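[1] Please find the sequence and the predicted model below.
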Amino acid sequence: MDTLRDTDQAIIALIEAAGTMNARERYFYRQSLQALVRLAKTEQMNEVRASVGMLIGSPAYAAS
């Protein structure tokens with residue numbers, strides 16, 4: 001069974017709430033929202049790595 005992630009459901013809801021768009025506009029809007037999600041995940045991972053680096057005292061984990 002193929003289930004949707006919470007972010008996919010949120011993106012679908014935002015696209016539906018945006019109103020009338022043609023297929024191309026919906027595609028670009030969806031891709032932009034997915035890019036924002038990826039960016040947020042990357043930023044969160046960098047913050048986690050920096051926190052881990054501070055906790056264990058290892059500069060290899062610290063964000064640059």
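    All right, it came through fine.
[2] How far does the host helix or strand of residue 25 sit from its chain's centre?
    Secondary-structure element containing residue 25, defined by DSSP states H and E: helix 23-56. For helix 23-56, the gap between its own C-alpha mean and the chain's C-alpha mean amounts to 4 Å (C-alpha atoms, centre = their mean, to the nearest Å).
[3] who does it touch, helix- and strand-wise?
    helix 6-17 (3 or more C-beta pairs under 8 Å, 6 or more residues apart in numbering; DSSP states H and E). No exception for glycine: its C-beta is placed from N, CA and C like everyone else's.
[4] Report the buried residues of the helix it packs on.
    Residues of helix 6-17 classed as buried by neighbour count (16 or more other C-beta atoms under 10 Å): 11, 15.
[5] Give me the most central residue, the chain.
    For the chain, the residue whose C-alpha lies nearest the mean C-alpha position (C-alpha atoms, centre = their mean) is residue 37; its distance is 1.5 Å.
[6] Now do the same contact list for it.
    7, 11 (C-beta atoms under 8 Å, 6 or more residues apart in numbering).
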